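In: pasting the sequence and the predicted coordinates here, then a few questions.
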Amino acid sequence: MAGVSLKNVVKRFGSIEVVHGASLEVEEGEFIVFVGPSGCGKSTLLRMIAGLEDISGGEIAIGGVAVNDVEPADRGIAMVFQSYALYPHMTVERNLSFGLRMNGNDKADTARRVAKAAQILRIEELLDRRPAQLSGGQRQRVAIGRAIVRDPQVFLFDEPLSNLDAELRVQMRVEIARLHAELGVTMIYVTHDQVEAMTLADRIVVLRAGRIEQIGKPLDLYDDPANQFVASFVGSPKMNFMAAEVASIEDGRVTVALVNQGSARLTVPAENGFAVGDRLTVGLRPEHFGREGEGDCDLSIRVDMAEHLGSTSYIHANTTSAEQLVIEREESRSEIGMEHLTVSIPAAKAYLFDASGARLR
């Protein structure tokens, strides 16, 4: 296995720059997940690591060796794509061994590698079948197996589960996590799925418009986002946001008025960066809303819909000014069937963001 280093990596298509000086250090054996909205550059960044896209500036190193000018086949990587890219006329065994056979690998070693990959992925009974005879999850296992037999230093995954149904996605997430634990190989994984990122990653890289917004462990990003974009993107359901204005500042504490909630006020500790009259945004995770009177500020909301998911329910609601909120509740279903509801905000759980989206502390 090997680490991966990106230093000020830039990608341009003609005059358009789509990746802007990305820098990242991936440790040996680490599981890194790239997340971000469509078009943010995550797949382009992965393809540059693989050598499938040339870089326009900066340096990419694998195992401490610069690979800017190294062919993809010589980088010690294996890539698993969203489309399984299996040869339909070949059996699973032939699909797994194809690359090794084309490289003139020894027959005995090829057979050993195929058998080992099949055992790891538990597809031994599928070796004589063709792709058309396999389910989506089985095809994805074969695609991963084709990467395993190459014995790469780094695995690259480009949204490998997006073609699977919900049940298979859960199953394959478990399989990929198990595979990483068993092989201990460096893995870099691209997804737009919050759950995949939060459950698989050692660290998450959040991208927006070709720039890295924040890098950190999943729960660190969830609990301590650097800005409003990260706060809104990490977590499902996402963080709630409400318009606010600084009403007063005194003794290291700032009081903000929720501008669409009449007299609602919230006082939080703050070090600097505030002036009376500043327009802010207050953020709160769905699970942090309390019942009426339990927090530091009450809100009156109109319930649109309640989703009951067993032990947890999600209330979809609007404030009096039509700010949309999602509130998590662990309670009986009958308690949240009402049209109107009063909830509270605990000041200790509130996040503040300025007009540019930067986090204020």
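Out: Sure thing, it's come through. Numbers count the residues shown, from 1 in each chain.
In: please enumerate the strands of the stretch 201-350 of the chain.
Out: 203-208, 211-216, 240-250, 253-258, 265-269, 279-284, 290-291, 297-309, 312-318, 324-329, 340-345 (DSSP state E, counting those that start in this stretch).
In: let me know which of those is tucked in deepest.
Out: strand 203-208 (a mean of 23; mean count of other C-beta atoms under 10 Å). The way it works is simple: take the backbone N, C-alpha and C, and place the C-beta from them, glycine included.
In: how does the chain divide into domains?
Out: The record assigns the chain these domain ranges, following automatic domain parsing: 4-233, 240-360.
In: quick one, what contacts Thr110?
Out: Ser97, Leu100, Arg101, Val149 (C-beta atoms under 8 Å, 6 or more residues apart in numbering).
In: how many residues are close by the second one?
Out: Read that as Leu100. 20 (other C-beta atoms under 10 Å).
In: quick check, it in a helix?
Out: Yes. Assessed by DSSP: H, G, I helix; E, B strand; the rest coil, Leu100 belongs to a helix.
In: need the strands of the stretch 201-350 of the chain in a markdown table (columns: distance to Ala2 and mean pLDDT).
Out: Converted to a markdown table, the strands of the stretch 201-350 of the chain look like this (distance: least, C-beta to C-beta, whole Å; pLDDT from 0 to 100):
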| stretch | distance to Ala2 | mean pLDDT |
| --- | --- | --- |
| strand 203-208 | 17 | 96 |
| strand 211-216 | 19 | 97 |
| strand 240-250 | 41 | 91 |
| strand 253-258 | 48 | 88 |
| strand 265-269 | 44 | 84 |
| strand 279-284 | 39 | 93 |
| strand 290-291 | 48 | 88 |
| strand 297-309 | 42 | 84 |
| strand 312-318 | 41 | 86 |
| strand 324-329 | 41 | 88 |
| strand 340-345 | 47 | 86 |
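In: of the ones you listed, which approaches Phe34 most closely?
Out: Nearest of the strands of the stretch 201-350 of the chain to Phe34, taken as C-beta to C-beta: strand 203-208 at 5.0 Å.
In: mean pLDDT lowest where, among the domains of the chain?
Out: In terms of average pLDDT, domain 240-360 trails the rest of the domains of the chain, at a mean of 84.
In: would you confirm that Leu161 contacts Arg169?
Out: Yes. Between Leu161 and Arg169 there is a contact under C-beta atoms under 8 Å: 4.8 Å.
In: give the residues shared as contacts by these two.
Out: Asp193, Glu196.
In: which of those two has more residues huddled nearby?
Out: Higher neighbour count among Leu161 and Arg169: Leu161, with 23 against 20, using other C-beta under 10 Å.
In: now that one: how far from Gly235?
Out: 19 Å (C-beta to C-beta, to the nearest Å).
In: now swap in Arg130 and tell me
Out: Taking C-beta to C-beta, one finds Arg130 at 42 Å from Gly235.
In: please apply the same query to Glu93.
Out: In terms of C-beta to C-beta, Glu93 sits 43 Å off from Gly235.
In: can you pull the contacts of the nearest residue to Gly273 once chain neighbours are set aside?
Out: Leaving aside its sequence neighbours, Gly273 sits nearest to Leu360 (C-beta to C-beta, 6 or more residues apart in numbering; 5.2 Å). Each residue near Leu360 by C-beta under 8 Å, 6+ apart is listed here: Ala270, Gly273, Phe274, Leu280, Leu352, Phe353, Asp354.
In: which of the three states applies to the fifth one?
Out: What that stands for is Leu352. Going by three-state DSSP: Leu352 is strand.
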